[in-house]
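>>> Using only what follows, build the 3D model:
(one chain, ligands or ions: 1)
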Amino acid sequence: MTKIWMGVNPDVEVNNVLGDELGLISTPWSNPLTSYELHHSQIESLVGLCAKKFEWEFIIQPQVAPKPPGMNDLALNMGIAAHQAVHDILKGGETAKIDEAYDRWVLPCITDPTKEEKIHDEYQLNVFSALDWIGNNLNYSQISSEQPFVIPAAHKLSPVLADIDPRWKLAGSMDIIQLDDANGRSKIVDLKFRGRSQYARNKASSQAAMYGLASFYYGYEPEFTYLEVIKGKVIEQKVDLPAGKYDWLYIKARQAISNIETGVYPLSPSGWWCSSRYCKWWSNCRGKYEPDTDEGNEDL
Ligand code: SF4
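Now for the predicted structure:
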């Protein structure tokens, strides 16, 4: 088992299902100044993308006129619907749930009715491909879907985090985790429904380390896989979790917490995400005052 320096809560029984024994459920981020709960997506937003975007979203919260969903939201909403459908089926739902998710998330984005059939077919193919892979590679009797986790007392995890407020915890929700109690091992799978593979971005994300850490915390040695589903094709990417990966997570978490605690949110206008297509604060923000070229990069 990989050795990492971490402060495991002595009150935790390691073989319990994630989160249950603590009576804590990770909830959607509401106010970073009062919740003290850090999710990997917030770390990536603050450290990997644009801290200013985080500030607009959670601190400044300006009123942005709501707009009806359109083709720009299609890829994102197809991903949301496919996640929902897979989750519903793994929870024992009827296959009708697949179309329910489609009707809710995807249909309102379709502005050109001639494309509807093609979009529907691609969506269904994605969902069935993901379910096929799960059926062929995991043990249904051991898996949990949309599994929340909480690692309290983040300051005990590493000397890098030793001086943060002790109320900080790391939290999140795993798409799929298989818990093998007999061998003390877990298999974590994160689904990405995408327009194209983003191998490097997956590898650089703190997500695998955060989820791996949660698995260790609850007593299971983790294995982490990104499952990219692209137009029905499944690409499997295993991510190694050596000790250095956790150190990297701690450094990034420390930076994210510093941003939040000091209220300093540097803007980062040089990435693909800084466009009207990918940043809804673009028209409020003076981060980028060149004309918007909309040279985007797809992500779900
Ligand atoms: S417009 Fe650009 S600089 Fe401003 S918040 Fe969005 S991504 Fe950051």
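>>> Helices of the stretch 151-300 of the chain, start to end?
All helices of the stretch 151-300 of the chain, identified by DSSP state H, counting those that start in this stretch, fall at 199-204, 207-217, 243-262.
>>> Can you say which helix or strand has Ser144 in it?
Assigning secondary structure by DSSP states H and E places Ser144 in strand 143-151.
>>> what helices or strands is that strand leaning on?
Contacts defined by 3 or more C-beta pairs under 8 Å, 6 or more residues apart in numbering; DSSP states H and E place strand 143-151 against helix 74-90, strand 169-180, helix 207-217. Using the backbone N, CA and C atoms, a C-beta is placed for each residue, glycine as well.
>>> Nearest to Ser186 among these would be which one?
helix 207-217 (4.5 Å; C-beta to C-beta).
>>> follow-up on the earlier one: pairing partners for the strand holding Ser144, with directions?
strand 169-180 (antiparallel) (DSSP bridges).
>>> Put the alpha carbons of the partner strand into PDB.
Included here for strand 169-180 are C-alpha records, laid out as PDB according to Å, rounded to 0.1, in the frame of the first residue of the first chain:
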ATOM      1  CA  LYS A 169     -12.500  19.700   5.200                       C
ATOM      2  CA  LEU A 170     -12.100  18.200   1.800                       C
ATOM      3  CA  ALA A 171     -15.300  16.900   0.200                       C
ATOM      4  CA  GLY A 172     -16.900  15.800  -3.000                       C
ATOM      5  CA  SER A 173     -19.000  13.100  -4.700                       C
ATOM      6  CA  MET A 174     -17.600  10.200  -6.700                       C
ATOM      7  CA  ASP A 175     -19.400   9.200  -9.900                       C
ATOM      8  CA  ILE A 176     -18.800   5.500  -9.200                       C
ATOM      9  CA  ILE A 177     -16.800   3.600  -6.500                       C
ATOM     10  CA  GLN A 178     -16.500  -0.100  -6.100                       C
ATOM     11  CA  LEU A 179     -15.600  -1.200  -2.600                       C
ATOM     12  CA  ASP A 180     -14.000  -4.600  -2.200                       C
END
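>>> List the buried residues in that strand.
For strand 169-180, a neighbour-count test (16 or more other C-beta atoms under 10 Å) marks Lys169, Leu170, Ala171, Gly172, Ser173, Met174, Asp175, Ile176, Ile177, Gln178, Leu179 as buried.
>>> Mind checking the pLDDT average for it?
The average pLDDT within strand 169-180 is 93.
>>> what's the angle from it to helix 74-90?
Here the directions of strand 169-180 and helix 74-90 differ by 50 degrees (axes from the mean of the first three to the mean of the last three C-alpha atoms, to 10 degrees).
>>> could you give the angle of strand 169-180 to helix 207-217?
Using the same axes, to 10 degrees: strand 169-180 against helix 207-217 is 70 degrees.
>>> rewinding a little: please identify which of the helices and strands packed on strand 143-151 is closest to the ligand.
helix 74-90 (16.0 Å; C-beta to the nearest ligand atom).
>>> Quick check: buried residues in whichever helix or strand comes after the closest one?
Counting by DSSP H and E, the next helix or strand C-terminal to helix 74-90 is helix 96-101. Residues Lys97, Ile98, Asp99, Glu100, Ala101 are the ones in helix 96-101 that count as buried (16+ other C-beta under 10 Å).
>>> again with stretch 117-134
Ile119, Glu122, Tyr123, Gln124, Asn126, Val127, Phe128, Ser129, Ala130, Leu131, Trp133, Ile134.
>>> Give me the residues contacting the longest helix along the chain.
Under DSSP state H, the helix in the chain containing the largest number of residues is helix 116-137. Contact partners of helix 116-137, identified using C-beta atoms under 8 Å, 6 or more residues apart in numbering, comprise 74, 78, 81-82, 85-86, 89-90, 98, 102, 106-107, 110, 143, 176, 189, 191, 193, 227, 229, 231-234, 236.
>>> show me the contacts for the residue positioned nearest the centre of the chain.
Geometric centre of the chain, nearest residue: Ser41, 5.6 Å, by C-alpha atoms, centre = their mean. Residues counted as contacts of Ser41 (C-beta under 8 Å, 6+ apart) are Gly172, Gln207.
>>> quick one: secondary structure of it?
helix (DSSP: H, G, I helix; E, B strand; the rest coil).
>>> about what we covered before: would you mind giving the helices and strands packed on strand 143-151 as JSON lines with distance to the ligand added?
JSON lines is the format used below for the helices and strands packed on strand 143-151 (distance: least, C-beta to the nearest ligand atom, whole Å):
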{"stretch": "helix 74-90", "distance to the ligand": "16"}
{"stretch": "strand 169-180", "distance to the ligand": "23"}
{"stretch": "helix 207-217", "distance to the ligand": "20"}
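>>> ranking the ones you listed by burial, who's on top?
Stretch with highest mean neighbour count among the helices and strands packed on strand 143-151: helix 207-217 (a mean of 25; mean count of other C-beta atoms under 10 Å).
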